[in-house]
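Undergrad: my questions are about this predicted structure, shown below with the sequence.
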Amino acid sequence: MGLHADVSATFTADGADTFHVDAEFDVERGESLVVLGPSGSGKTLLLETVAGFHSHDGTVTLDGRRVSDSPPEQRDFGFVFQDYALFPHMTVRENADYGSRYHDETRDPIDLLAELGVDDLLDRYPPTLSGGEKQRVALARALAIRPEVMLLDEPLAALDVPTRQDLRDDLADVLTDATAVYVTHNRTTARALADRIAVMNDGRIVQLGTPEEIFERPSSPMVARFTGSNYVDLAETPSLRGALGGTEDDAISIRPEAVELGDGGDVRATVERVVREDATNRLTLSVDGEAIEAFADVSPDIGDEMWLTFPPDRLYYMDGREEAIRA
């Protein structure tokens, strides 16, 4: 058993526009579920609703025990906010120990802060801390109450890249064997931390599966594009359709890193853009006017022609043929 959530809630913005969240998911004991989706998809609203911050229809249960009617502090959830939500008038030690006010059994905040590498900041106040330090203190505060479930709302979003990478490694350690729901729009973070991923769009979960299923076998064009895959309608690419043997009713999805470049291949493409990404180049190429992305060690010129090969074991056919082609 673990966490089960089946919630429905309507939110009204200042301009009287409404947004509806309607989602159901389960998280097994010791599992990390990452809710992945674009900004405005309802990820944070879903997490806050599960935490008890918003009224809703439906149920939230923990190990079969209904907690939907309990206030947030009685749900045995630890919540980590994107903007830290530390109390500026309290020291680091006092912030980390805040949960002892309403929980009988808590962990030693100094031990937690030491595990997270910020025990030298005990008497400092949040305004004097860096973003990474604040988030480590916020994480210690959430862990101090010995939560049954960790709920994390994009805790890395406001951090610079090196700090984000360091804290992501720390989170991977913290979430090992923990029951957690982690909200993010960052697909790298999702792949690094998730046992399963729930892709969210327009207030609903549109696909739920393992990282491999989400990234290699997307359920829709939206999921394919948001997770960084190429989505190509074969009706619009006769050259590729002829090379792969598909029909006009088919579409394909393939990861950019799976597209091979070299002498000879399935189809010729024209280089439209070259962007340096760390130790490699991300290429945008055109086939029959449709964009396809791939990675390469070489740096071709705009307008160069290159052969592309699409390994059959990495192609996923969608629409007319929904099954994956596997070796």
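TA: Noted; the coordinates are in hand.

Undergrad: separation between R29 and Y84?
TA: 28 Å (Cβ to Cβ, to the nearest Å). For the C-beta atoms, the positions are set from N, CA and C on the backbone; glycine is no exception.

Undergrad: ugh, wrong one, V50
TA: V50 is 20 Å from Y84, where distance means Cβ to Cβ.

Undergrad: so A190 sits in a helix?
TA: Yes. Assessed with DSSP: H, G, I helix; E, B strand; the rest coil, A190 lies in a helix.

Undergrad: so how far is M200 from it?
TA: 11 Å.

Undergrad: these two: who's more crowded?
TA: M200 (26 against 23; other Cβ atoms under 10 Å).

Undergrad: intersection of neighbour lists for A190 and M200?
TA: Residues touching both A190 and M200 (Cβ atoms under 8 Å, 6 or more residues apart in numbering) are L36.

Undergrad: OK, contacts around the residue lying closest to F87 once chain neighbours are set aside?
TA: Leaving out its chain neighbours, the residue that sits closest to F87 by Cβ to Cβ, 6 or more residues apart in numbering is N95, at 5.7 Å. By Cβ under 8 Å, 6+ apart, the contact set of N95 is L86, F87, P126, V137, A138, R141.

Undergrad: in three-state terms, label N95 for me.
TA: With three-state DSSP as the basis, N95 sits in helix.

Undergrad: just give me how far stretch 228-245 sits from the chain centre.
TA: Relative to its parent chain, stretch 228-245 has a centroid offset of 28 Å by Cα atoms, centre = their mean, to the nearest Å.

Undergrad: and the contacts of it?
TA: Around stretch 228-245, the neighbours that count as contacts under Cβ under 8 Å, 6+ apart are 187, 215, 218, 221, 224-225, 246-256, 259, 266-268, 287-290, 292-293, 310, 315, 318.

Undergrad: related to what we said a few turns ago, out of the contacts of N95, which is nearest to D301?
TA: Proximity of the contacts of N95 to D301 (Cβ to Cβ) peaks at A138, which lies at 47.8 Å.

Undergrad: and the contacts of the helix or strand containing that closest one?
TA: According to DSSP states H and E, A138 maps onto helix 131-144. With contacts defined as Cβ under 8 Å, 6+ apart, helix 131-144 is touched by 78-81, 84-86, 92, 95-100, 106-107, 109, 112-113, 115-118, 121, 126, 129, 150, 152, 155-156, 158-160, 163, 166-167, 170-171, 174.

Undergrad: just stretch 35-48 next, same as before
TA: Taking Cβ under 8 Å, 6+ apart as the rule, stretch 35-48 contacts 7, 9, 11, 19, 21, 23, 54, 82, 151, 153-154, 181-185, 187, 190, 194, 197-205, 214, 226-227.

Undergrad: now, these that are in helices?
TA: R187, A190, I214, F226 (DSSP state H).

Undergrad: ok, the last one touching V199?
TA: Yes. In this structure, F226 sits in contact with V199. The criterion is Cβ atoms under 8 Å, and the distance is 7.0 Å.

Undergrad: looking at these two, which one has more neighbours?
TA: A count of neighbours by other Cβ under 10 Å puts V199 above the other of F226 and V199, at 27 against 21.

Undergrad: so who does the residue nearest to the more buried one when sequence neighbours are not counted touch?
TA: Of all residues not flanking V199 in the chain, Q207 sits nearest, at 4.6 Å (Cβ to Cβ, 6+ apart). The neighbourhood of Q207, defined by Cβ under 8 Å, 6+ apart, consists of A198, V199, E213, I214, P218, S219, S220, V223.

Undergrad: same question, F295
TA: Shown in contact with F295 (Cβ under 8 Å, 6+ apart): P256, E257, V259, E277, T280, N281, R282, L283.

Undergrad: bridging residues for it?
TA: Legend: beta-bridge partners of F295 under DSSP bridges are R282.

Undergrad: tabulate the ones in helices among the contacts of stretch 35-48 (a markdown table), appending distance to P72.
TA: Conversion of these to a markdown table gives the following (distance: Cβ to Cβ, whole Å):
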| residue | distance to P72 |
| --- | --- |
| R187 | 29 |
| A190 | 25 |
| I214 | 30 |
| F226 | 30 |
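
Undergrad: now those as a markdown table including distance to R146 and pLDDT?
TA: Below are these laid out as a markdown table (distance: Cβ to Cβ, whole Å; pLDDT from 0 to 100):
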| residue | distance to R146 | pLDDT |
| --- | --- | --- |
| R187 | 31 | 94 |
| A190 | 26 | 95 |
| I214 | 31 | 97 |
| F226 | 35 | 96 |
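
Undergrad: and these, which is closest to P71?
TA: Nearest to P71, judged by Cβ to Cβ, of the ones in helices among the contacts of stretch 35-48 is A190 at 30.1 Å.
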